[in-house]
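A.B. asks: sequence unknown, structure follows:
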């Protein structure tokens, strides 16, 4: 019987998502640098940044950045560790720790962004 490789069975989909997330992170970083260092008039201080971060657009952008950055970084970590860890139970343990970190950081980061309000 011939093995038929699909997009998900060969790891092509996670590979593609890793590349797309990397491009997304580069674009968002460029937008951040332009907004913070080129378009922002006056001094860069907490009041100026908090005013911007309190808007729905920037909250959405920052939450998406958080989720994509966590996926990109933690999936990259998993791929590297997968090359060195061959015992099944150890892979499950490490994958569980990585997944728990992703869940905790996503929840706390998202809650922080949603509840943030401009103080001045």
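C.D. replies: Yes, it's here. Every value quoted in this text rests on a predicted model; they were computed, and no experiment measured them.
A.B. asks: Identify the residues contacting the residue nearest the centre of the chain.
C.D. replies: A centroid search over the chain (Cα atoms, centre = their mean) returns residue 69, at 1.8 Å, as the residue closest to the centre. By Cβ atoms under 8 Å, 6 or more residues apart in numbering, residue 69 lies in contact with 21, 25. Placement of C-beta: from N, CA and C, glycine included.
A.B. asks: Please give the element, helix or strand, for it.
C.D. replies: Per DSSP states H and E, residue 69 falls inside helix 56-84.
A.B. asks: The lowest-mean-pLDDT helix or strand in the chain packs against which elements?
C.D. replies: Lowest mean confidence among the helices and strands of the chain (mean pLDDT, DSSP states H and E): helix 46-53, at a mean of 83. With contacts defined as 3 or more Cβ pairs under 8 Å, 6 or more residues apart in numbering; DSSP states H and E, the packing partners of helix 46-53 are helix 56-84.
A.B. asks: now the angle from the helix holding residue 69 to helix 46-53?
C.D. replies: Angle, helix 56-84 to helix 46-53, by axes from the mean of the first three to the mean of the last three Cα atoms, to 10 degrees: 90 degrees.
A.B. asks: buried sites along helix 56-84?
C.D. replies: By 16 or more other Cβ atoms under 10 Å, the buried positions in helix 56-84 come out as 58-59, 61-63, 65-75, 78.
A.B. asks: next one: stretch 91-98
C.D. replies: Counting neighbours by 16+ other Cβ under 10 Å, stretch 91-98 gives residue 98 as buried.
A.B. asks: what's the answer for stretch 37-54, then?
C.D. replies: For stretch 37-54, by 16+ other Cβ under 10 Å, it's 52-53.
A.B. asks: so how far is it from its chain's centroid?
C.D. replies: Computed by Cα atoms, centre = their mean, to the nearest Å, the chain-centroid distance of stretch 37-54 equals 23 Å.
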